[in-house]
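J.: With the sequence up front, the predicted model follows.
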Amino acid sequence: MELCLGGELFDRITAKGSYSESEAASIFGQIVNVVHACHFMGVMHRDLKPESFLLVNNDPKAPLKATDFGLSVFIEEGRVYREIVGSTYYVAPEVLRR
């Protein structure tokens, strides 16, 4: 794993306080690209959250790298995944109500 000197996305969000729509869209676009790459390789992360992304450097437009694949699984064709996994604070309420 490469050294990412920019810290966690969570810390960047907390320090900055707010983002313009275009800044947020740029970050979200990177996250979508990471998820797409994982799924293309047959991996389901299952615990995506701001703390799971590191910034390569301190530049405001630094690329993101995904981390924390401890709950990830390889996608099995035809399998339905019903387990409740992930960090409780980020799990959707409707999932927790099951």
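T.: Arrived safely.

J.: Now tell me what touches the helix ranked longest in the chain from outside.
T.: Ordering each helix of the chain by length in residues (DSSP state H) puts helix 21-40 first. Residues outside helix 21-40 that contact it (CB atoms under 8 Å, 6 or more residues apart in numbering): 9, 19, 44, 45, 48, 53, 61, 63, 64, 66, 72, 75. C-beta coordinates here come from the backbone N, C-alpha and C atoms, glycine included.

J.: and the residue lying farthest from the centre of the chain, what pLDDT?
T.: Relative to the centre of the chain, the most outlying C-alpha is that of residue 78, 24.4 Å out, by CA atoms, centre = their mean. Residue 78 is assigned 94 on the pLDDT scale.

J.: would it count as being in a helix?
T.: No - using DSSP: H, G, I helix; E, B strand; the rest coil, the secondary structure at residue 78 is coil, not a helix.

J.: rewinding a little: need the next SSE after the longest helix of the chain, C-terminal direction.
T.: Proceeding N to C from helix 21-40, the next assigned helix or strand is strand 43-44, under DSSP states H and E.
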